[in-house]
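Q: Test case, fold it:
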Amino acid sequence: MLNKLLQWFFRRKPEGTEELMDENKFWALIQASKAAGKGDYEKQKIELVKLLLKQKPKEIAAFDNRFRYTSNQLYHWDLWGAIYIIDGGCSDDGFDYFREWLIGQGKEMVETAMNNPDALADFEIERDTDWEGLGFMAYNAFYYKTGADLYQGYLATIPFELKGEEWSEDNDDLERRFPRLFEKYKDQY
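A: Numbering: from 1, shown residues only. Below is the predicted model:
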């Protein structure tokens, strides 16, 4: 009987949520994971899972919703142009992973990127790194905690749309739009 009850529990589909985690709580979790990671992005991901495991399942889902909402806010041609210069090119998957990494750097860097991507020249950003993974940590934590897949409330209701004006790599468009980044990374571009 107990075995059947456990099987039922781990197969059930949890109720979804479209709620966003409180922004201050979200950024506090990101900052705490970054501090615990001590500059090691792989360790930061592990630390974020540990922090999320202390949350209720619905709060983990709300964290994931806030993460995806923030990533959607960063889905802009200007930011893609900025990372294109920094990394000497950037695929669509690379842009997704960069946005994950950027969120992991904290609120200040995200707000800078949203308001003026050229101001990312003020930060030290490693090139040619593996930025993938932070966006999967809520899913991992949810699965470890419940044995079920994370329900994707936000993704089900809000489409990602690339915002802003497209740039061209064939002329001086990127240099004109992002002069500080271009100057800083021109030898690597």
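
Q: Ramachandran angles for H76?
A: phi -140, psi 140 (degrees, to the nearest 10).

Q: What score does it have for pLDDT?
A: For H76, the pLDDT comes out at 96.

Q: got it, and P159?
A: On pLDDT, P159 comes in at 65.

Q: Okay, helices next: where are they in the chain?
A: Using DSSP state H, the helices of the chain run over residues 2-11, 23-37, 41-53, 57-73, 77-87, 92-105, 107-115, 137-146, 153-157, 173-177, 179-185.

Q: between the second one and helix 137-146, how many degrees?
A: Read it as helix 23-37. 90 degrees (axes from the mean of the first three to the mean of the last three C-alpha atoms, to 10 degrees).

Q: likewise the longest one?
A: Going by the same axes, to 10 degrees, helix 57-73 is angled at 170 degrees with respect to helix 137-146.

Q: Report the distance from helix 57-73 to the chain centre.
A: When distances are taken as C-alpha atoms, centre = their mean, to the nearest Å, helix 57-73 is centred 10 Å away from the chain's centroid.

Q: And that helix, what's buried?
A: Along helix 57-73, these residues count as buried under the neighbour rule (16 or more other C-beta atoms under 10 Å): 57-72. The way it works is simple: take the backbone N, C-alpha and C, and place the C-beta from them, glycine included.

Q: So in this structure, where's the weakest helix or strand by average pLDDT?
A: Within the chain, confidence by mean pLDDT, DSSP states H and E is lowest for helix 2-11 among all helices and strands, at a mean of 47.
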